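Novice: how would this look folded up:
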Amino acid sequence: MILNNGTLTLTDSSAGKTGAVIASCSKTSALRNGDNATCVVNGGTLTRAKADGNTWHTVENFGNMTLNTCKIENFDGTSFAVTNGWNYFNPAANNPSAKPSATMTVNEAVVIDAGTNGLKNCRYGTLVINGGKITADEYWALSNENPSDVGGCTVKGGTIESKKHIASSNGGNIDIQGGDFRGPVGSVCAQNWSKKTAIAGGTFQNEIVGGQDGIGKYVVDGKAFVSEDGATFTVAPEDEAKAASMYKVAVEGKNVYLKGDKAKDAADKVAEKYKGTVDQTKFTVTFSTNGNGSVDPVTVEVGKSLTLPAVPEVAGYTDGAWYDGDTKVTGEYTPRIRRDAYCQVD
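Specialist: Sure thing, here's the model as predicted:
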């Protein structure tokens with residue numbers, strides 16, 4: 001066990017990068033960063049010895065900790081792999097003038113692998129996740145349970161995955177600006193006692209996006225969902241989502257834009273699930289040349305016009321033209337119908 005009450009930089013200087021800190025006693029962590037201490041982790045594995053009764057969190061932070069490069073494991077069946085802040089008591093309960101604070105930053109080259117629960121942000125904890133991968137086999141990969149007005153959780157990147165449960169739980173203040181949230185039954189659970197859940201970015205798997213139970217109500221103004229399959233949703237600026245899409249479904253909470261080769265099927269799927277209405281945002285205009293060369297199809301936004309391509313030369317015709325049905329069209333052409341339009345040369 002390492003107990004740091006000062007300033008510590010942890011590195012792995014072993015030739016094969018196999019260095020490890022192993023917690024072998026119950027109720028002790030492999031690395032404990034004390035009150036007001038500073039710790040930077042730049043390498044190594046932090047884990048627990050596999051023994052009956054050897055349970056506790058692998059890493060605890062009560063000071064200022066930066067995780068740059070490391071692997072943190074916990075498979076004791078009950079504990080979180082990492083805790084930031086005060087999990088079991090309030091250090092200011094009997095001292096109102098106290099100002100406890102624990103700050104943790106998780107960066108790209110960090111792997112947290114847990115059997116039960118991954119990372120927990122506790123009372124007076126400020127947690128920033130810039131990247132890395134946090135995985136839990138059974139329950140939450142990320143749990144933000146800071147009930148105080150000090151601190152909170154900000155997710156900017158990384159992968160947060162639960163193999164059997166919802167990827168993350170919020171019982172405090174959380175700002176999700178990015179990251180890939182994966183869970184077989186959902187991505188984000190905002191508890192009844194949470195104070196703020198704000199979603200401005202990120203990708204969410206198997207999530208409910210509309211209705212009273214959906215995460216759409218937490219998506220900030222100016223943002224919307226975009227999806228290719230109707231099951232995994234990315235939060236993006238609405239103008240960008242619209243520009244990339246072929247269909248839009250208005251659901252209770254936020255608009256969902258569908259893109260890609262299966263956009264229509266995905267739009268129908270979303271509309272059926274949330275009782276929404278499908279609107280086509282773009283369609284494809286194809287050009288038939290009657291065998292006289294080929295002209296690439298053009299995608300156009302509904303209600304907008306496009307500049308028609310040059311008419312290919314057709315043997316025996318002196319005035320070839322594009323036709324939409326029986327109507328000759330030239331120059332700036334606005335398709336008349338909300339479906340894939342078809343122009344033929346005659």
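Novice: What ranges does the stretch 151-300 of the chain have for its helices?
Specialist: For the stretch 151-300 of the chain, applying DSSP state H, counting those that start in this stretch gives helices covering 238-244, 263-274.
Novice: which one of these lies closest to residue 136?
Specialist: Residue 136 lies closest, by C-beta to C-beta, to one member of those: helix 263-274, at 27.1 Å. Heads up, the C-betas are built off the backbone N, CA and C, glycines and all.
Novice: ok, back up a step: let me have the helices of the stretch 151-300 of the chain in TSV, extended by mean neighbour count, mean pLDDT and distance to residue 252.
Specialist: Below are those laid out as TSV (neighbours: other C-beta atoms under 10 Å; pLDDT from 0 to 100; distance: least, C-beta to C-beta, whole Å):
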stretch	mean neighbour count	mean pLDDT	distance to residue 252
helix 238-244	17	94	16
helix 263-274	19	94	7
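Novice: Let me have those in a markdown table, extended by distance to residue 335.
Specialist: Shown next, in a markdown table, are the helices of the stretch 151-300 of the chain (distance: least, C-beta to C-beta, whole Å):
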| stretch | distance to residue 335 |
| --- | --- |
| helix 238-244 | 18 |
| helix 263-274 | 17 |
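Novice: out of those helices, which comes closest to residue 14?
Specialist: Short answer: helix 238-244, nearest of the helices of the stretch 151-300 of the chain by C-beta to C-beta, at 45.6 Å.
Novice: Show me what the closest one is packed against.
Specialist: strand 223-227, strand 255-258 (3 or more C-beta pairs under 8 Å, 6 or more residues apart in numbering; DSSP states H and E).
Novice: Let me know which of those is tucked in deepest.
Specialist: strand 255-258 (a mean of 26; mean count of other C-beta atoms under 10 Å).
Novice: Partner strands of it, with direction?
Specialist: Using DSSP bridges, strand 255-258 pairs in its sheet with strand 223-227 (parallel), strand 247-250 (antiparallel).
Novice: Now it - C-alpha only, PDB.
Specialist: Extracted in PDB, the C-alpha atoms of strand 255-258 (Å, rounded to 0.1, in the frame of the first residue of the first chain):
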ATOM      1  CA  ASN A 255     -35.300  16.100 -32.200                       C
ATOM      2  CA  VAL A 256     -33.700  12.900 -33.500                       C
ATOM      3  CA  TYR A 257     -31.900  13.000 -36.800                       C
ATOM      4  CA  LEU A 258     -31.200   9.900 -38.800                       C
END
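Novice: Any regions of the stretch 101-250 of the chain where pLDDT drops low?
Specialist: Across the stretch 101-250 of the chain, nothing is flagged by pLDDT under 70.
Novice: 90 instead?
Specialist: 147-150, 210-213 (pLDDT under 90).
Novice: mind checking how far residue 189 is from residue 271?
Specialist: Remark: distance between residue 189 and residue 271 (C-beta to C-beta, to the nearest Å) = 25 Å.
Novice: returning to that earlier point: quick one: which of the helices and strands packed on helix 238-244 is nearest residue 90?
Specialist: Closest approach to residue 90 among those is made by strand 223-227 (35.3 Å; C-beta to C-beta).
Novice: So what angle separates the directions of the closest one and helix 263-274?
Specialist: With axes from the mean of the first three to the mean of the last three C-alpha atoms, to 10 degrees applied, the angle from strand 223-227 to helix 263-274 works out at 120 degrees.
Novice: possible to save the strands paired with strand 255-258 as JSON lines with distance to residue 89?
Specialist: Output for the strands paired with strand 255-258, formatted as JSON lines (distance: least, C-beta to C-beta, whole Å):
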{"stretch": "strand 223-227", "distance to residue 89": "38"}
{"stretch": "strand 247-250", "distance to residue 89": "47"}
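Novice: and of those strands, who's closest to residue 144?
Specialist: Across those, closest to residue 144 is strand 223-227 (C-beta to C-beta), at 20.3 Å.
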